[in-house]
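A.B. asks: Return atomic coordinates for the entry below.
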Amino acid sequence: MAATAASGSGDAGRSLTDELRARDPAIRQLIDENPGIEEGWQEPFWREALLDAPRLPGSPWRIHDLARPQPPLVAPSECQKARGRKLKASDWTGEKLALWSRDGGELVPSGHTANRIATRESFGDVELSLEFQMPAPPVGVFQRRGNSGIFFQQRYEVQILDSHRNPTYPDGQMGALYGQVPPRANASRPPGEWQCLTIRYRAARFADDGALIAPPRASVALNGVMLQDDQAFLGPTAFAAVGPWQPHAVRLPIVLQDHGDAGGRIRFRNIRVRELPAQ
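C.D. replies: Here you go, the predicted model:
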């Protein structure tokens, strides 16, 4: 996930790159080692997001901090057998569902306009598994390459991104709790190869008076590698911010994002859901 906006000037992008280079040696090294990365932050909104985003609660890092260490590369492992009920095309709804191709049992976003589709059914504690394939050859860099996301309870996002040789801010990489918690590792396969993702999600719960009883938590495995282990969200997902807690129902639809980028025409298949027993 990242915000979208009209493109800014190249001069503005270069100026931001200069400021980022001067901010921290780690950022300067990241830019020097990845020619062309600055093409990912040409829009005007990136200046505030990459320079002035607030610090994460209890952390020395800012949200979307490029100085934060990149997750270590880890070889993909074997995928576990997917469990649960397979979702059909008819199990999804959305204002722009018609923009999604539903050919041969696969769901493919248009990549032309940002939109979201949602399950007709609502879920609380749930295990979701799916397979996905990033576009090959890849198109775009940074947050413009293979960007999607899964939102539980319509507001807590596990990031989907082509993170194979595509550095970006760690809390926006594949398997991140977007804008909050980076993945423990980068286990992404190359574009064009099918990959498997499993998320065990424990729903947020609120008291009758609206007080938070339990934050949402997620365990995320990509290609057989654990990226998040029962990790708590810090609040609802937002761009360059952590949203405030607001009471909501336990059971809500699961949302799948089309980020609206040409490089985001990800193919999804074998999407399965399995409700988890209450803890």
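A.B. asks: Name all residues that make contact with Glu78.
C.D. replies: Each residue near Glu78 by C-beta atoms under 8 Å, 6 or more residues apart in numbering is listed here: Gly224. Any C-beta I mention is one placed from the backbone N, CA and C, and that applies to glycine too.
A.B. asks: mind redoing it with 10 Å?
C.D. replies: Neighbouring residues of Glu78 by C-beta atoms under 10 Å, 6 or more residues apart in numbering: Cys196, Asn223, Gly224.
A.B. asks: my guess is the first one contacts Val220, does it?
C.D. replies: Spelled out, it's Cys196. No. Look at Cys196 against Val220 with C-beta atoms under 10 Å: they stay out of range, at 11.6 Å.
A.B. asks: the more surrounded of the two?
C.D. replies: Neighbour count, other C-beta atoms under 10 Å: between Cys196 and Val220, Val220 has more, with 26 against 21.
A.B. asks: so what's the more buried one bridging to?
C.D. replies: Ile199, Gln228 (DSSP bridges).
A.B. asks: Which ones among the contacts of Glu78 map onto strands?
C.D. replies: Cys196 (DSSP state E).
A.B. asks: Low-confidence stretches in this structure?
C.D. replies: Along the chain, segments meeting pLDDT under 70 span 1-14.
A.B. asks: can you do 50?
C.D. replies: Scanning the chain for pLDDT under 50 picks out the ranges 4-10, 12-13.
A.B. asks: sorry, back to before: quick check, nearest of the contacts of Glu78 to Gly260?
C.D. replies: Cys196 (24.9 Å; C-beta to C-beta).
A.B. asks: Distance-wise, check the closest residue to the closest one other than its chain neighbours relative to Arg269.
C.D. replies: Nearest residue to Cys196, sequence neighbours excluded (C-beta to C-beta, 6 or more residues apart in numbering): Cys79, at 3.7 Å. Computed as C-beta to C-beta, to the nearest Å, the Cys79 to Arg269 distance reads 13 Å.
A.B. asks: what sits in contact with each of the two?
C.D. replies: Shared contacts of Cys79 and Arg269, defined by C-beta under 10 Å, 6+ apart, comprise Glu131, Trp194.
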